[in-house]
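Colleague: dropping a prediction and its sequence here:
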Amino acid sequence: MTNISDAFKNKKAFIGFTVACDPDFEKSVDYVKTLAAAGTDLVEIGVPFSDPIADGPVIQEAGLRAFKSGVSTKRVFEMVAKIREESSVPLVLLVYLNNVFKYGYAKFFATCQDLKIGGVIIPDLPVEERAEVAVFAKNSGCSLIPLVAPTSGTRIKKIVTDADGFVYAVSSLGVTGARNKIATNLQKMITDIKQFTDTPVAVGFGIHSPEQAAQISQVADGVIVGSAIVKIIAQEGRHADKKLTDYVHAMKTALT
Ligand SMILES: O=P(O)(O)OC[C@@H](O)[C@@H](O)c1c[nH]c2ccccc12
């Protein structure tokens, strides 16, 4: 069992995303710890990839900074080992399939287990090909977090049946990044998902303001914020700790 469920226990979860090794290895370790200390219930760490089809410009640029500072899947695991010296915050990795494949499925998930990484999100893993990865995830007690998109429709049942950890409800079509308006009927989407699973549902894509977080948490079990956090790091470089802390406090306040 992992500790992902702690993030949703008796509260709406605030899930924060950061790109591993942005702006560099050490500061990225600090930022995960800072996000956790400020009250982030679960931290999603992005493993940079050369062809990140679902990443918007803000996250793509963070990936480039991370590559410059020498990121690799192995380095990401070294980062998590450092974080784990001080923090037991629930963690999930956002990783494209090629990186998992290259590392080796068995070795990848065994390392996740060692480092108490509770879940993995693989945005380019179609549900039809899930099984070949799912066995390894299951053996290591790591949740394979499913993504439901506004276009999932009748496939929702297949996508979320047997889900554990949480379900990632993608609020909008397109790539990651702050949006001022979310056009999807989230209430309906979440009701559809909950017909088939008791696993908590968190909404991500385009969320940045406390107002949005407050509104979405009326219907969801948690919110996921990526680009707004990565943007603070882009602007502040190695000095983002205070701004990150203030931002998390504002979002947490909106969720309670
Ligand atoms: O950046 P946003 O719009 O706040 O959305 C979260 C998102 O960044 C994070 O979960 C994520 C980063 N890369 C992804 C690829 C696919 C799905 C999700 C992601």
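Modeller: Sure, I can see it.

Colleague: where does the stretch 151-256 of the chain get nearest to the ligand, residue-wise?
Modeller: Using C-beta to the nearest ligand atom, G226 is the residue of the stretch 151-256 of the chain that sits closest to the ligand, at 2.1 Å. For glycine as for every other residue, the C-beta is placed from the backbone atoms N, C-alpha and C.

Colleague: could you pick out the residues of the stretch 151-256 of the chain near the ligand for me?
Modeller: For the stretch 151-256 of the chain, the residues found near the ligand under the criterion C-beta under 6 Å from any ligand atom are T176, G177, G204, F205, G206, I207, I224, V225, G226, S227, A228.

Colleague: again, but for the stretch 1-150 of the chain
Modeller: So far as C-beta under 6 Å from any ligand atom goes, the stretch 1-150 of the chain lies against the ligand at F17, E44, G46, A54, D55, I59, L94, P123.

Colleague: restricted to helices, list those.
Modeller: By the criterion of DSSP state H, membership of these in helices covers I59.

Colleague: can you put the residues of the stretch 1-150 of the chain next to the ligand in JSON lines and add pLDDT and neighbour count?
Modeller: Output for those, formatted as JSON lines (pLDDT from 0 to 100; neighbours: other C-beta atoms under 10 Å):
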{"residue": "F17", "pLDDT": "98", "neighbour count": "25"}
{"residue": "E44", "pLDDT": "98", "neighbour count": "26"}
{"residue": "G46", "pLDDT": "98", "neighbour count": "27"}
{"residue": "A54", "pLDDT": "92", "neighbour count": "16"}
{"residue": "D55", "pLDDT": "92", "neighbour count": "25"}
{"residue": "I59", "pLDDT": "97", "neighbour count": "26"}
{"residue": "L94", "pLDDT": "98", "neighbour count": "28"}
{"residue": "P123", "pLDDT": "96", "neighbour count": "18"}
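
Colleague: hang on, the earlier thing: isn't the residue of the stretch 151-256 of the chain closest to the ligand right up against F17?
Modeller: Yes - counting by C-beta atoms under 8 Å, G226 touches F17, with 3.6 Å between them.

Colleague: so for the two, which residues contact both of them?
Modeller: Listed as contacting both G226 and F17 by C-beta atoms under 8 Å, 6 or more residues apart in numbering are E44, G46, G204.

Colleague: from M79, how far off is the second one?
Modeller: The gap separating G46 from M79 is 11 Å, by C-beta to C-beta, to the nearest Å.

Colleague: any common contacting residues for those two?
Modeller: Residues within reach of G46 and of M79 at once, by C-beta under 8 Å, 6+ apart, are A20.

Colleague: how about the residues of the stretch 151-256 of the chain next to the ligand in JSON lines, adding pLDDT, neighbour count and secondary structure?
Modeller: Formatted as JSON lines, these follow (pLDDT from 0 to 100; neighbours: other C-beta atoms under 10 Å; DSSP: H, G, I helix; E, B strand; the rest coil):
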{"residue": "T176", "pLDDT": "90", "neighbour count": "26", "secondary structure": "coil"}
{"residue": "G177", "pLDDT": "90", "neighbour count": "20", "secondary structure": "coil"}
{"residue": "G204", "pLDDT": "97", "neighbour count": "24", "secondary structure": "strand"}
{"residue": "F205", "pLDDT": "96", "neighbour count": "27", "secondary structure": "coil"}
{"residue": "G206", "pLDDT": "95", "neighbour count": "25", "secondary structure": "coil"}
{"residue": "I207", "pLDDT": "96", "neighbour count": "25", "secondary structure": "coil"}
{"residue": "I224", "pLDDT": "98", "neighbour count": "26", "secondary structure": "strand"}
{"residue": "V225", "pLDDT": "98", "neighbour count": "25", "secondary structure": "strand"}
{"residue": "G226", "pLDDT": "98", "neighbour count": "28", "secondary structure": "coil"}
{"residue": "S227", "pLDDT": "97", "neighbour count": "25", "secondary structure": "helix"}
{"residue": "A228", "pLDDT": "97", "neighbour count": "19", "secondary structure": "helix"}
